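Participant: Using only what follows, build the 3D model:
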Amino acid sequence: MDTYSSPPQGERVVADTLIRNIGQLVTIAQRPIAEATGPLQVLSHAAITVHRGTITWVGPDEAEQLFAPSGGATSDTFTVIDAQGAVVTPGFVDSHTHLIFAGNRAQEFHLRRAGVSYAELLARGQGILSTVLATRAASTKLLTQLALVRMDSLRQHGTTTVEIKTGYGLDIETEKTCLHIMNDLNTQEAQTQSPSDRIRVVPTFLGAHTLPPEYQEQRAAYVDLVVNEMLPAFSGMARFCDVFCEQGAFTLEESRRILTRAKELGYGLKIHADQLSPGGGAHLAAELGATSADHLDYASDSDLDAMREAGVIATLLPGCSYTLRTPYPSARRLLDRGLKVALATDFNPGTSYCENMQMMLGLAMSAMGMTLEEALTAATIHGACALGLQDEIGSVEVGKRCELAFWSIRDYQEIGYHFGTNLVRSTLALS
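Facilitator: Numbers count the residues shown, from 1 in each chain. Alright, predicted model coming up:
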């Protein structure tokens, strides 16, 4: 396989930014880098050059011919960033969140601790429906402010790209409002951080989250609304369509109808599959060629094999198991079957109220059978795969967008070892 490192002596790469004095660069590169070691392609004493947000070179911090303006940059516009010996990794790609909502469900958290099940809460009209009512009642300004605060927390914990789902509106007006907010969050003006600290947002339409209160006795009518009105109206506003295929939510046939129409309209497909019971969602993901199937707690071996053959990414969400106190799905089972596994927070107000991807890595290593190297891969490049962005982000490689996390540690193996604190010092997302 080809390797890449320094250009020939005397040549300069095109660059407007240099990041140097990196103590340990964990590239997670998909092709070998000269002098890098191990499955994560780790390079000591490293540097990176960037031009207009794209990485143009990765290698040892010793090729002085690189460290000057090039490609039309001047000394006034050429930026040098001193990593101060830090560990640097790709920024986390959080590929499954429900970040835009109003209200909270702290009371439910404690009810579950008292023995009330998630299904019982749904039957009482609590759970998702209580968040739907609060979100419908909130103004666009409030929903945007709440989203920005949550995104800032994500960024502080190392995330540079986040997928956000709708699903707390469940009517055309509120779902559209939430999608508008997501798209506006991708503009410089909306985010309060400097351009180098912005988080990329990937919007997903999840109108099939649960039946809204006004359609509790009209299942077919609501599915018709999603298929015939919402999906066409939101085409181009959302990159993906998702469905909660589960008992108490949407049946396998309802999910197939919604996702089939979404695929016809050009949406990428995602599916909440087999989280609370074996419902066939994982097999449906394989059948329709979904980008990812998420949860998978009760997926069968044959359905997992079908996912692998179809190239569907398996996204695991340990925060749900932590909150619901249910058995953690075995990542080892999926990895040993040859599936690409992603990790995500599933940030939401009911079953995983957590913005911290470091926490997900810790749970994956302590309770799901993953090694540190597998968990970091799952939280970066495989998270990118779960969003169809593996050619743009998720690893530190020439040609990819510069999205980095700078850690307050000197060896990446401290991740998971030193737990219960935020080890990320800062993030950098150049564009």
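Participant: From here on, just use CA atoms for contacts and neighbour counts.
Facilitator: OK.
Participant: State the next helix or strand along the chain beyond whichever strand or helix holds residue 164.
Facilitator: Element membership of residue 164, judged by DSSP states H and E, is strand 159-165. Heading C-terminal from strand 159-165, the first helix or strand you meet, by DSSP H and E, is helix 172-185.
Participant: thinking again about what came up before, give me the contacts around the strand holding residue 164.
Facilitator: If you take CA atoms under 8 Å, 6 or more residues apart in numbering as the criterion, strand 159-165 is touched by 91-100, 154, 182, 198-206, 357, 387, 403-405, 427-429.
Participant: and the residues you listed, which of them are in strands?
Facilitator: Members of the contacts of strand 159-165 lying in strands (criterion: DSSP state E): 92-94, 200-206, 403-405, 427-429.
Participant: ok so, going back, direction included, what does the strand holding residue 164 pair against?
Facilitator: According to DSSP bridges, strand 159-165 forms sheet pairs with strand 92-94 (parallel), strand 200-208 (parallel).
Participant: of all those, which lies closest to residue 411?
Facilitator: Closest approach to residue 411 among the strands paired with strand 159-165 (CA to CA): strand 92-94, 17.5 Å.
Participant: what's that closest one in contact with?
Facilitator: With contact meaning CA under 8 Å, 6+ apart, strand 92-94 is reached by 158-163, 343-345, 357, 379-381, 383-384, 394, 405.
Participant: Just the endpoints, please. Distance across stretch 94-113?
Facilitator: Stretch 94-113 has an end-to-end distance of 27 Å (CA to CA, to the nearest Å).
Participant: tell me the angle of the strand holding residue 164 relative to helix 172-185?
Facilitator: Counting by axes from the mean of the first three to the mean of the last three CA atoms, to 10 degrees, strand 159-165 lies at 170 degrees to helix 172-185.
Participant: Would you show me how to pick out the buried ones of the contacts of strand 92-94 in PyMOL?
Facilitator: To isolate the buried ones among the contacts of strand 92-94 in PyMOL, judged by 16 or more other CA atoms under 10 Å, type:
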select buried, resi 158+159+160+161+162+163+343+344+345+357+379+380+381+383+384+394+405
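Participant: Helices of the stretch 1-150 of the chain, start to end?
Facilitator: 106-113, 118-123, 128-137, 140-156 (DSSP state H, counting those that start in this stretch).
Participant: Going by mean pLDDT, which of those comes out lowest?
Facilitator: Among the helices of the stretch 1-150 of the chain, helix 118-123 carries the lowest mean pLDDT, a mean of 74.
Participant: List of residues touching that helix?
Facilitator: For helix 118-123, the external contacting residues (CA under 8 Å, 6+ apart) are 108, 112, 127, 128, 129, 248, 324.
Participant: can you give me how far that helix is from the chain middle?
Facilitator: Here the centre of helix 118-123 is set off from its chain's centre by 27 Å, with CA atoms, centre = their mean, to the nearest Å.
Participant: now stretch 169-186
Facilitator: From the chain centre to the centre of stretch 169-186 is a distance of 19 Å (CA atoms, centre = their mean).
Participant: who's in contact with it?
Facilitator: For stretch 169-186, contacts defined as CA under 8 Å, 6+ apart pick out 100, 132-133, 135-136, 140, 144, 164, 166-168, 190-191, 199-203, 205, 207-212, 230, 234, 237-238.
Participant: Report the residue spans of the stretch 101-250 of the chain with pLDDT below the cut-off.
Facilitator: Judged by pLDDT under 70, the stretch 101-250 of the chain has its weakly predicted residues at 125, 188-193, 195.
Participant: rerun that using 80 as the cut-off
Facilitator: Applying pLDDT under 80 to the stretch 101-250 of the chain flags residues 117-119, 121-126, 188-197.
Participant: Verify the contact between residue 393 and residue 400 for me.
Facilitator: Yes: Residue 393 lies in contact with residue 400 (CA atoms under 8 Å); the separation is 5.7 Å.
Participant: Tell me the buried residues in stretch 371-380?
Facilitator: Along stretch 371-380, these residues count as buried under the neighbour rule (16+ other CA under 10 Å): 371, 372, 374, 375, 376, 377, 378, 379, 380.
Participant: Mind checking which of these are in helices?
Facilitator: 372, 374, 375, 376, 377, 378, 379 (DSSP state H).
Participant: May I have the secondary structure class of the nearest residue to the third one once chain neighbours are set aside?
Facilitator: Same thing as residue 375. Counting by CA to CA, 6 or more residues apart in numbering, residue 375 lies nearest to residue 361, which is 5.6 Å off, once chain neighbours are set aside. Assigned by DSSP: H, G, I helix; E, B strand; the rest coil, the conformation of residue 361 is helix.
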